[in-house]
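>>> Model the following, please.
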Amino acid sequence: MLRLGSRIVFAENSGVKAMRIFHMGLKKTFKKSTVSVNNIIRGSIIHCLPHKKVAEGDKISAIIVQVKRKISRLSGCYINFGFNYGIVLSDPKRRKPLATDTKLTVTKEFR
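Numbering: from 1, shown residues only. Sure thing, here's the model as predicted:
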């Protein structure tokens, strides 16, 4: 469960290393106060690598892949991860990623 101001880490080759959430969802009428796996968020970049397509302070869209909080599955078991991970999106409506290679495991709920 992530809220406004939460920090997201990225493990991909787009150049973004971390961002802070300032908007949740694609539409302005998104009513939830928290988001979890498979939700689209908007945020500003905190840390990034030099000489890439993005720079610090840019506003980007991302999708959440892993969260620290426990996620309950239909089988009754729980799963959690060490960090809040995301993937940068170049086209949020089509869910097209900006990176070509990710170093993350993807949960069943994301597929």
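
>>> Any regions of this structure where pLDDT drops low?
Scanning the chain with the threshold set as pLDDT under 70 gives 26-30, 111.

>>> Let me see the backbone angles for residue 66.
With angles defined as degrees, to the nearest 10, residue 66 sits at phi -140, psi 150.

>>> what's around it, how many residues?
22 (other CB atoms under 10 Å). For the C-beta atoms, the positions are set from N, CA and C on the backbone; glycine is no exception.

>>> got the contact list for it?
Counting by CB atoms under 8 Å, 6 or more residues apart in numbering, residue 66 touches 37, 81, 83-85, 104-105, 107.

>>> Any idea what it is bridged to?
Note on residue 66: beta-bridge partners residue 85, judged by DSSP bridges.

>>> Next, find the distance separating it from residue 52.
Applying CB to CB, to the nearest Å, the value for residue 66 to residue 52 is 22 Å.
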